[in-house]
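S.K.: any chance you can model this:
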Amino acid sequence: MSELDTILYIFTDIWYQLANHLLFFIWLLPLIFIYELPLMMIVISGILRFHYVTFIQTPKASIYQPKVSCIITCYAEGKAVMSTISSLIEQTYPGNIEIIAVVDGAVQNALTYESAIQSAQACNLPNRKVIVLPKWQRGGRVSTLNAGLHFASGEIVINADADTSFDNDMVSQVVPYFEDPNVPALGGALRVRNVSQSIVTRMQAIEYLISMQGGKTGLSQWNLINNISGAFGAFRRTFLIQIGGWDTHTAEDLDLTIRIKQYFKRHPQWRIPFATLAIGHTDAPVTLKELVWQRLRWDGDLLFLYFRKHWPAFTPKLLGFSTFIFTLIYGFLQNVLMPFVIFIYSVGIAALYPWQFVVSISLVIYTIYFSILLFFYIFVLCAISERLKQDLSLIKWLPLYPFYALFMRMVCLFALLNEMIRRSHEESSMAPWWVLKRGRKF
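M.R.: Residues are numbered from 1 along each chain as shown. This next block holds a predicted model:
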């Protein structure tokens, strides 16, 4: 072999190896641009639309002031329930607010019950009423919410957890949406109250800001909101009673959202807004163990609801075409299929290629993901954030977030497998076993 042939052979081999190594990266690019790009454009355009309507246009004056009932689900929060009740009593909303603190298992949770009683006795405002409703036997979140709904008399019902407090203009931000008769429900914005407690809470604060507050703001502008949070949602009371209130089993918030969306085909003018500036503050899990247990329940419930309980209802005949397509792509595929794709991709490149290439491709993927993350972070701060200084302090933790997101994808994968094999939704801490056992099997 001549020297020229040797050089050509070496160059040919290098290009062959390079092309081989790039196969996985080339395969990854369509996932980013074909799958993720449309979602990013929907969210970005929605946030721009929200910013224009909220901060650029002249706001419409309204005299709509219906009575509002706030149902607080209490279990083992102790004295923390007092701050929740106080934040609702101190609302600037000029109309009547009825606060119903439902204490689940009041015998076992005497401190929570007594704290709620103290808050009720301290309330002396003429247009505020605090009702403490003890449930002596524990029945879980669903029975607690439905008990509160039974006693509620307001035109609008807001559900809240006892470890969640609110900005004093929250009700004033929520109520105007219901002046539109085509709004049966809406989601409220949540922030992490204990953000500075650990690295885990800081990661969740970034997640809430970008994925939940930013993402839901953008999606809701096109009536594509995926879930009304169980810690903070608002509903038209008559409609909520009409559809039977909250249902047994688990993930009652996503379950209720799916059931509401099943009316979209019959009522194409209906919409579920997201009240971006109605702010609730909730305590997030502090330790990694607490966070993993929370997400095992959340992510396992996704598969149960999508593929077991509500599987027959996922049809354009009920959801409408646009809602059906979005749920199929960014409900089923993103939440259920994507963790498996990421795991197979990661294991594939680790098993088939040398560590130098694995490190290189990982750095490329990290750079792409972090660039998108940084863009969204800055974009949300500029277009949405009502606490700019507080949110800006999270920027130094942003480089860690891609690792957090990947880890949570793997937790989601385990949760999905756990639900497939063990039906983990039947082990939920949201209700006692005897309640879940009596529910219908799917």
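
S.K.: give me the residue ranges of this protein where confidence is low.
M.R.: 1-35, 426-431, 433-439, 442 (pLDDT under 70).

S.K.: now the strands for this structure?
M.R.: 68-74, 97-104, 128-135, 156-161, 164-166, 185-192, 232-236, 274-282 (DSSP state E).

S.K.: for residue 374, which of these is the nearest?
M.R.: For the strands of the chain, distance to residue 374 was read as Cβ to Cβ. The smallest value, 19.8 Å, belongs to strand 185-192. (C-beta placed from N, C-alpha, C; glycine too.)

S.K.: off-centre distance for that closest one?
M.R.: 8 Å (Cα atoms, centre = their mean, to the nearest Å).

S.K.: that one to strand 232-236, inter-axis angle?
M.R.: Relative orientation of strand 185-192 and strand 232-236, computed by axes from the mean of the first three to the mean of the last three Cα atoms, to 10 degrees: 170 degrees.

S.K.: separation between the residue lying closest to residue 73 once chain neighbours are set aside and residue 161?
M.R.: Using Cβ to Cβ, 6 or more residues apart in numbering and skipping the chain neighbours, the partner closest in space to residue 73 is residue 144 (4.7 Å). Here the criterion is Cβ to Cβ, to the nearest Å. By it, residue 144 lies 10 Å from residue 161.

S.K.: neighbour count winner among those two?
M.R.: Set side by side, residue 144 and residue 161 show more neighbours around residue 144, with 27 against 23, by other Cβ atoms under 10 Å.

S.K.: so what's the more buried one up against?
M.R.: The contact partners of residue 144, by Cβ atoms under 8 Å, 6 or more residues apart in numbering, come to 73-75, 102, 104, 135.

S.K.: from what I can see residue 78 touches residue 115, true?
M.R.: Yes. Between residue 78 and residue 115 there is a contact at 6.4 Å, judged by Cβ atoms under 8 Å.

S.K.: for the two, indicate the residue with more neighbours.
M.R.: When residue 78 and residue 115 are compared for neighbours, residue 115 comes out ahead with 25 against 16, by other Cβ under 10 Å.

S.K.: how close does that one get to residue 423?
M.R.: 36 Å.

S.K.: repeat that for residue 171.
M.R.: 39 Å.

S.K.: who are the contact partners of residue 157?
M.R.: 68-71, 149, 234-237, 240.

S.K.: change it to 7 Å
M.R.: 69, 71, 149, 234-235, 237, 240 (Cβ atoms under 7 Å, 6 or more residues apart in numbering).

S.K.: same thing with residue 215?
M.R.: residue 43.

S.K.: go with 10 Å
M.R.: With contacts defined as Cβ atoms under 10 Å, 6 or more residues apart in numbering, the neighbours of residue 215 are 39-40, 42-43, 46-47, 207, 209, 225-226, 274, 376, 380.

S.K.: turn these into TSV, columns for neighbour count and distance to residue 267.
M.R.: Below are the contacts of residue 215 laid out as TSV (neighbours: other Cβ atoms under 10 Å; distance: Cβ to Cβ, whole Å):
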residue	neighbour count	distance to residue 267
39	17	25
40	16	29
42	18	22
43	24	25
46	23	21
47	23	26
207	18	33
209	26	32
225	23	16
226	20	19
274	24	19
376	20	33
380	21	31
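
S.K.: next, count neighbours for residue 335.
M.R.: So residue 335, with other Cβ under 10 Å, has 16 neighbours.

S.K.: how about residue 211?
M.R.: Neighbours of residue 211 (other Cβ under 10 Å): 14.

S.K.: also residue 269?
M.R.: That count, for residue 269 with other Cβ under 10 Å as the rule, works out to 9.

S.K.: residue 266 against residue 260, yeah?
M.R.: No. Counting by Cβ atoms under 10 Å, residue 266 does not reach residue 260; the two are 11.7 Å apart.

S.K.: which of those two has more residues huddled nearby?
M.R.: Per other Cβ under 10 Å, whichever of residue 266 and residue 260 has more neighbours is residue 260, with 18 against 10.

S.K.: which one of the contacts of residue 157 is nearest to residue 203?
M.R.: Checking those one by one against residue 203 (Cβ to Cβ), the nearest turns out to be residue 234, at 27.8 Å.

S.K.: contacts only, for the closest one.
M.R.: 68, 70, 156-160, 170-171, 173-175, 177-178, 183, 185-188, 228, 273, 275, 278.

S.K.: what do you get for residue 228?
M.R.: Residue 228 touches 159, 185-188, 216, 234-235, 253-254, 256-257, 260, 272, 274, counting by Cβ under 10 Å, 6+ apart.

S.K.: identify the bridge partners of the residue lying closest to it once chain neighbours are set aside.
M.R.: Excluding the flanking residues, the one nearest residue 228 by Cβ to Cβ, 6+ apart is residue 187, at 4.3 Å. Beta-bridge partners recorded for residue 187 (DSSP bridges): residue 233, residue 274.

S.K.: looking at it, residue 187 is touching residue 253, isn't it?
M.R.: Yes. Counting by Cβ under 10 Å, residue 253 is a contact partner of residue 187 at 9.1 Å.

S.K.: tell me, what's touching the two both at once?
M.R.: Common contacts of residue 187 and residue 253 (Cβ under 10 Å, 6+ apart): 227-229, 232-233.

S.K.: name the nearest of those relative to residue 305.
M.R.: residue 227 (10.2 Å).

S.K.: ok, how many other residues are close to the closest one?
M.R.: Neighbour number of residue 227 under other Cβ under 10 Å is 19.

S.K.: just to revisit the earlier point, what separation do you get for the residue nearest to residue 73 and residue 75?
M.R.: For residue 144, the distance to residue 75 - Cβ to Cβ - is 8 Å.

S.K.: what do these two both touch?
M.R.: Common neighbours of residue 144 and residue 75 (Cβ under 10 Å, 6+ apart) are 102-105, 135, 138, 430.

S.K.: now the residues you listed in JSON lines, please, with extra columns for distance to residue 348.
M.R.: JSON lines is the format used below for the shared contacts of residue 144 and residue 75 (distance: Cβ to Cβ, whole Å):
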{"residue": "102", "distance to residue 348": "50"}
{"residue": "103", "distance to residue 348": "51"}
{"residue": "104", "distance to residue 348": "47"}
{"residue": "105", "distance to residue 348": "48"}
{"residue": "135", "distance to residue 348": "51"}
{"residue": "138", "distance to residue 348": "47"}
{"residue": "430", "distance to residue 348": "37"}
